[in-house]
Every structure is written in C-alpha cells, then in structure tokens.
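Visitor: I would like to see how this sequence folds:
(one chain, ligands or ions: 2)
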Amino acid sequence: MNQPAPFFLDCDTGIDDALALAYLLATPRAELVGIGTVSGNISAAGGARNTLDLLKLAGHPDIPVAVGAHDPQVGTFHGGAPHVHGDNGIGGVDLEPSDREPVEGTAAELLVELARKHAGELRVVAIGPLTNIAEALRLEPNLPALVAELTIMGGAALAPGNITPVAEANIANDPEAAAEVLAADWDVTLVPLDVTMTNVLEESHRQELLASDHAVSQALGEMLGYYFGFYVDIFGRACSAMHDPLAAAIAVRGVELAVAPKVRVQVDTTGGPGRGQTVCDLRGQYVGFPDQRGARCRVVLSIGEEFAPHLLGTMQAAWLSEDEVMRTSASPGL
Ligand code: BDR
Ligand code: CA
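Guide: Numbers count the residues shown, from 1 in each chain. Ligands and ions are numbered 1, 2, ... in the order given. Predicted structure coming up:
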C-alpha cells in the first residue's frame, strides 16, 4: 500500500476504538472515508457522538459518521460496558462537543454507498459487533466483490474468551451477525484475543501520550487511565490490551504478521455455553498450518514485532509533522 487506501471503520467507540480511530487518522497508509457505529461498548448513538467529538479534536471534521444498529439481530442492546469504558464510553473524559450531526441513513447504507463509490478498493475495519456489516450484506449482496478487504477485531481461537469462558465481546454481542459475515463470499482477516491480549500498552506508553503536546494524544492518555483500571485485575498491573488499534494496524499492513493461518472459522449461534465462540480449525498447527481448501479466514495468532512502539510512533510522526508544518508556515522568511 504505497498510496493511502480508502477505509471504512465500523466501531463502538469505546476507548480502544478511539485509539484505532486515532491510528487510522495518523497513518499515511489509510484515508478514512466513512465511519459507522454500532452498539457495543456504548449505544450506537453514543458511539457516534464520541466519534464526532474525537474527529473534531483531531482536526478531521469532514469524515461522515453514520449511526448504525442499536440492537443485535437477536435480543436487545445490553447497555454497554461502563465498567470497562466508563459511562460515556471514553473513560469519563470530557471532549469538546462537535456541533456536527451524524449523516442521514444508517451505517450499513453508508458502507454500501462507499463500497460502490470505491468499488474493489474499499477496505473495511470492523471493531465492534458485526450487526452493521451483516445488514450491509443484505442490502447489497454483491458487497464481497465491492470490498477489497475486511479485517475484524473479534473472536478467540486458542485463547479464552473475555465475556464468557469461550466468547469474545464483539462476536458474543451479535453471534448471528458474525456467523453471517464469516460465511459470506469474501476473505476475512480475524484479529482475535490470542494476539490482542498479548500485545499490551504499558503505563510508560500512557505517560508518553500524556506528555505529548498534541490534544488527541493527551485525551487518549487520560482515557487509558480508566481502561488500565479495568485491566489491573486481569494482568496484575496497570496496562491494557490493544484490541482495536492492533486490528487497524493489521488492516493497513502496518505490522508484520508472524503466525496467521488461513482456516475455517464458524461462530456458535446456539443457546448453550459455547454461544458466541469462534470455532477456528487450527488442527493443522501440527504440520505448520497448511492453508485449508476453501478456507476464507486468516486468523492472526501473533505478530512479528512489538506493537506499542509502532502505534505511538505512527501517531507521533503524523502529529509532529503537522506541528512542524504549522511552525514553518508561521515563521516569516522561511
Ligand atoms: C472488543 O470489545 C470491545 O470492548 C473493544 O472495544 C474491542 O473491540 C474486545 O473484546
Ligand atoms: Ca470496539
């Protein structure tokens, strides 16, 4: 990817969603052309407000944001995850409110519109429950041919779940939608807990963000204070998993993959204890993961480098050069 590729982000903003958004705005490999929101960490409407406020803070007021599904395909929205992401979804941090409204139409409609506009080029990164993506597939059955790539943060292959013993939150919050999306006629990259729980952001990284003179970095550092509080009980120290930004970085090919076999993946949609589990056929590991015939899902189990320096470095590089540009243009005679 030498030229920035057009990207659509579907999210439930969310602290780690905010990090993914900041990363996608910063990386020169992506041009964010649209954002949809879905209920997950917070309601779809609340996620859209957070997204609009973050875009304002980041100086990207023109990217369209559409509110997507409030409820999953089966049942109703459970109310979010305030214990993980705070009551407002972004760790209680008060951002200056954007005066922009979400665009008319649903997130699924915006995705379909952009997929048609950027036919064969649009990359989709889904970092919330997959309700909007499934709805878009029903609106436009040709969506798999229009979309160049789909990267999903979700699932757990060999790792335990994070919302039930076997299920990860994004998949468990709408297993029927996830099953539909993973069964569609496209290649998918799945970024499960196996890799997002083993690449963490430490307190020293958070301090780096807080020390930055860029407003988005500072806001992210503050949000992470709340997120780290949730993860103390899980990791035994102040740090956090990096689910969504890692999926974003994998989608733009910003990090090297280490173990990422292409295998069959099914989602458990039963009502039993396995509901929401991503059943990944990893039996081939004993002979080095030969690609399975007909398998469409690349499951990222590990990456080949440390992620936190890449994440922070990408944001610093983008925002430092913006500051430099401003300083240069403000200096007479230069
Ligand atoms: C996923 O669930 C949400 O809480 C996070 O934002 C991430 O997308 C991790 O299971
Ligand atoms: Ca998310």
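Visitor: residue ranges with poor pLDDT in the chain?
Guide: Scanning the chain for pLDDT under 70 picks out 1-2, 321-334.
Visitor: tell me which parts of it are close to ligand 2?
Guide: Contact residues (C-beta under 5 Å from the ion) of the chain with ligand 2: 12, 14, 17, 127-128, 244. The way it works is simple: take the backbone N, C-alpha and C, and place the C-beta from them, glycine included.
Visitor: which stretches of this protein form strands?
Guide: Secondary structure of the chain (DSSP state E): strands located at 5-11, 30-37, 65-67, 122-126, 147-153, 188-191, 200-202, 239-241, 257-259, 262-263, 265-267, 278-280, 297-299, 302-303.
Visitor: now the first one against strand 147-153, angle please.
Guide: So the one you mean is strand 5-11. With axes from the mean of the first three to the mean of the last three C-alpha atoms, to 10 degrees applied, the angle from strand 5-11 to strand 147-153 works out at 40 degrees.
Visitor: Now mean neighbour count too, for the strands of the chain, in CSV please.
Guide: Shown next, in CSV, are these (neighbours: other C-beta atoms under 10 Å):
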stretch, mean neighbour count
strand 5-11, 26
strand 30-37, 25
strand 65-67, 26
strand 122-126, 27
strand 147-153, 24
strand 188-191, 25
strand 200-202, 19
strand 239-241, 23
strand 257-259, 15
strand 262-263, 20
strand 265-267, 22
strand 278-280, 21
strand 297-299, 23
strand 302-303, 16
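Visitor: Near residue 304, how many residues? Count them for me, please.
Guide: Residue 304: 10 surrounding residues under other C-beta atoms under 10 Å.
Visitor: Out of the strands of the chain, which gets nearest to ligand 1?
Guide: Among these, the nearest to ligand 1 by C-beta to the nearest ligand atom is strand 147-153 (4.9 Å).
Visitor: Next one: that closest one, is it in contact with ligand 1?
Guide: Yes: counting by C-beta under 6 Å from any ligand atom, ligand 1 has neighbours in strand 147-153: residue 153.
Visitor: now residue 176, nearest residue through space, not along the chain?
Guide: With C-beta to C-beta, 6 or more residues apart in numbering as the criterion, residue 176 has its nearest non-adjacent residue at 4.2 Å, and that residue is residue 73.
Visitor: which ones are touching the one you found?
Guide: With contact taken as C-beta atoms under 8 Å, 6 or more residues apart in numbering, residue 73 is in contact with 131, 134, 174, 176-177.
Visitor: could you redo the last one with a cut-off of 10 Å?
Guide: 129-131, 134-135, 174-180, 269 (C-beta atoms under 10 Å, 6 or more residues apart in numbering).
Visitor: Quick check: of these, which lies closest to ligand 1?
Guide: The shortest approach to ligand 1 among those belongs to residue 129, at 8.5 Å (C-beta to the nearest ligand atom).
Visitor: Inside helices: which ones of the contacts of residue 73?
Guide: 131, 134-135, 175-180 (DSSP state H).
Visitor: Between the residues you listed, identify the one with the most neighbours.
Guide: In terms of neighbour count, residue 178 stands highest of those at 34 neighbours, by other C-beta under 10 Å.
Visitor: just the helices in the stretch 151-300 of the chain please.
Guide: 169-172, 175-183, 193-196, 203-211, 215-235, 243-251 (DSSP state H, counting those that start in this stretch).
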